[in-house]
Every structure is written in C-alpha cells, then in structure tokens.
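>>> could you work out the structure for the sequence below:
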Amino acid sequence: MATKTAQSKQKQDAISILKADHDKVKKMFKQFKALHENEEDDQAAELVGQICNELKIHTAVEEEIFYPALREVIDDEDLMDEAEVEHQSAKELIEKIEGGSEQGDKHAAMVTVLGEYVNHHIEEEQDEMFPKAKRAKLDLEELGQQIMTRKQELKAESGEEEDSEEEERERRGASGRSKNRRAA
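As a prediction, the model looks like this:
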C-alpha cells in the first residue's frame, strides 16, 4: 500500500497538489467558523494550529519551488510580486495568531481575516497564475514531485505526520478533476 501511495504522489502535477491544498485550508476555515460559533474553543484552537501549519508549508513550497519556476517562464512581475506580498502578509498574521497574545473574539477575528486573505489569494492563483503556468508549458509533473518531496520534509521538520489517506484521495480527486477539465 505504501508503494501505491508513493507512486500516486509522484504522478501528480503541481497545480493539482496546490489546488488540493487550497481546498483543504478553505474547508478548515469553514470548520473553524462553525467551531467558534458553537463556542468549542479547544477544538477551534487545535484547528487553528493545523491551519497555520498547513499554510506555512504551502507558502514555503510555493515560494521555494513553484513561484521561481513560474517567474522564469511568464512575463508578469506584478502578478508574482503581489502573490509574494500576500504571502508575507499572511505569514505576519500567522505569527500573531501563533503568538497567542490575543485571545477570545480578537483571536478569532484574526483567524477570520487570515481566511479572507487566503481565499482572495487562492482566487488569484487559480484564476490568473495557474492558467499562465499551464500555457507556459512548465513541467508540472516534475514540479509536483519537487513540491511533494519538499512538503514531506517540512512536515517531518514540524513533527506532522505524512498526509492521511483522506488527503491523498482529495489530491487524486483534484488531479482527476483537472484532467477531466483538460479533456473537455
């Protein structure tokens, strides 16, 4: 079974992996909202830690692997610069959230604002950046392999376990949806 999982990870393209990450954190922000509204503070706090870790890993692989490769093949400095500024703003907010100096509603407000930043950033990546990456004919499968390898390293460094089987299915599903769209 481990071999099958390793093989499926190797065959995923970068955009499918990044989209699956986007879907995952969007779902986590919705879960946070529900937990906060139901005053399930312990579960909400645990989820916030997971959200922050996911975002740190995701931004790292984009900044280290995806963005540099894309900068080489597209001529849109404004788009790439804006994405990096958005990452920096999100990282600063994550640092404040993890610092935990604010509690209660103020802390929840910071998480909510982070979710809004992230959703805006996701829209721009998926609507503008990803189509340019596809048109530029980047080797998205090779980038996907690099991203998965780096994500595994970062997860190991943070003490997080590898992706669960559910996450792996979500990635494969995102990859399948992308292939179906291309065929249409």
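>>> now A20: how far from T59?
15 Å (Cβ to Cβ, to the nearest Å). The C-beta positions use only the backbone N, C-alpha and C, and glycine is treated the same way.
>>> now do N53
11 Å.
>>> and M28, by the same measure?
For M28, the distance to T59 - Cβ to Cβ - is 15 Å.
>>> more neighbours, the two?
T59 (22 against 18; other Cβ atoms under 10 Å).
>>> give the contact list for that one.
Neighbour list for T59: 87, 90-91 [criterion: Cβ atoms under 8 Å, 6 or more residues apart in numbering].
>>> what strand or helix carries it?
Taking DSSP states H and E as the criterion, T59 maps to helix 41-61.
>>> residues near M80, how many?
17.
>>> isn't it right next to R71, touching?
Yes. M80 lies in contact with R71 (Cβ atoms under 8 Å); the separation is 5.4 Å.
>>> coming back round to it: buried set for the helix holding T59?
Within helix 41-61, the residues that count as buried by 16 or more other Cβ atoms under 10 Å are 44-45, 47-48, 51-61.
>>> any regions of this structure where pLDDT drops low?
Applying pLDDT under 70 to the chain flags the ranges 1-11, 101-104, 160-184.
>>> tell me where it has strands.
Under the criterion DSSP state E, the chain contains no strands.
>>> contacting residues around the closest residue to A44 other than its chain neighbours?
The shortest distance from A44 to any non-neighbouring residue, by Cβ to Cβ, 6 or more residues apart in numbering, is to L35 (4.0 Å). Neighbour list for L35: 41, 43-44, 47 [criterion: Cβ under 8 Å, 6+ apart].
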